[in-house]
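S.K.: whatever this is, show me its structure:
(one chain, ligands or ions: 1)
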Amino acid sequence: MEPILELESARLLLRQWRDEDLPEFAAMCADPQVMRYFPATLSRLESASSIGRIRGHFAEHGFGLWALQRKDTGQFIGFTGLNVVGFDAPFTPATEIGWRLAREHWGQGYASEAAWTALRCGFDRLSLDEVVAFTTLANLPSEKVMQAIGMHHDPADDFDHPRLDADHPLRRHLLYRISREQWLQTLHG
Ligand SMILES: CC(C)(COP(=O)(O)OP(=O)(O)OC[C@H]1O[C@@H](n2cnc3c(N)ncnc32)[C@H](O)[C@@H]1OP(=O)(O)O)[C@@H](O)C(=O)NCCC(=O)NCCS
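M.R.: Below is the predicted model:
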């Protein structure tokens, strides 16, 4: 299948990463508020290698975490997209939907708009049967995005993230899911 390099929503382009995105992306990943629900902020080098991994995922799978660009200002504002889960858990193999936006772009519906666009791509173009999302228990803003795009939560699916130590405070995660059938129901009411 042809790689899906770009998607578009009303206010956003979901596009390939450019080398020029690194300063903004690194600033976002160095912001303690943005990274509040992750184990640590990222150094510039760690951010650069994240972009490398994201590009590698696109090369391998033909989809991934798209860079987000506002159409009105042209600014890079973060990422949203689909990612093959890279660890073993009761719900894997699975494709997850994920997002991270720079703080000045929160509260304007950009994450939900981009997430909706990525989810539609997952079902419409990639023909996935299911998409999952997960986050640490306390990350309510992220959970709201999951709910906004019609995902469902069953507490029986919650899990301990295998990449975090047993005593790590962020270890417990919520799992949200949406099946292709549920997505079609959301679309058609
Ligand atoms: C998770 C994250 C992307 C959510 O961003 P967000 O801006 O809160 O999410 P949205 O873009 O969907 O915006 C929704 C909010 O914008 C408001 N809004 C304003 N204009 C809007 C519009 N045109 N359409 C929809 N919502 C709009 C909504 O009322 C809603 O506010 P509320 O949360 O107070 O109800 C952001 O908090 C983030 O980047 N966090 C750090 C990274 C992270 O934790 N990622 C997830 C890891 S699992």
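S.K.: interface residues of the chain facing the ligand?
M.R.: Contact residues (Cβ under 6 Å from any ligand atom) of the chain with the ligand: 34, 37, 98-101, 106-112, 135, 139, 141-142, 144-145, 148. Where C-beta positions appear, they are placed from N, C-alpha and C, glycine not excepted.
S.K.: now that we have those, which of them are buried?
M.R.: By neighbour count, with 16 or more other Cβ atoms under 10 Å, the residues of the chain next to the ligand hold 34, 98-101, 110-112, 135, 139, 142, 145 as buried.
S.K.: number of nearby residues for Trp66?
M.R.: The tally of other residues near Trp66 (other Cβ atoms under 10 Å) stands at 26.
S.K.: and what of the one 3 residues further on?
M.R.: Neighbourhood size, Gln69 [other Cβ under 10 Å]: 19.
S.K.: do Thr73 as well
M.R.: The tally of other residues near Thr73 (other Cβ under 10 Å) stands at 9.
S.K.: check the one 3 residues further on too.
M.R.: The burial count assigned to Phe76 is 23, neighbours taken as other Cβ under 10 Å.
S.K.: wait, doesn't it sit right on Trp66?
M.R.: No - using Cβ atoms under 8 Å as the test, Phe76 is too far from Trp66 to be in contact (11.1 Å).
S.K.: among the residues of the chain next to the ligand, which ones are in strands?
M.R.: Among the residues of the chain next to the ligand, the ones falling in strands (DSSP state E) are 98-101, 135.
S.K.: would you reformat those residues as a markdown table and include pLDDT and distance to Asp124?
M.R.: Formatted as a markdown table, those follow (pLDDT from 0 to 100; distance: Cβ to Cβ, whole Å):
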| residue | pLDDT | distance to Asp124 |
| --- | --- | --- |
| Gly98 | 98 | 19 |
| Trp99 | 98 | 19 |
| Arg100 | 98 | 24 |
| Leu101 | 98 | 24 |
| Thr135 | 98 | 25 |
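S.K.: good, wrapping up.
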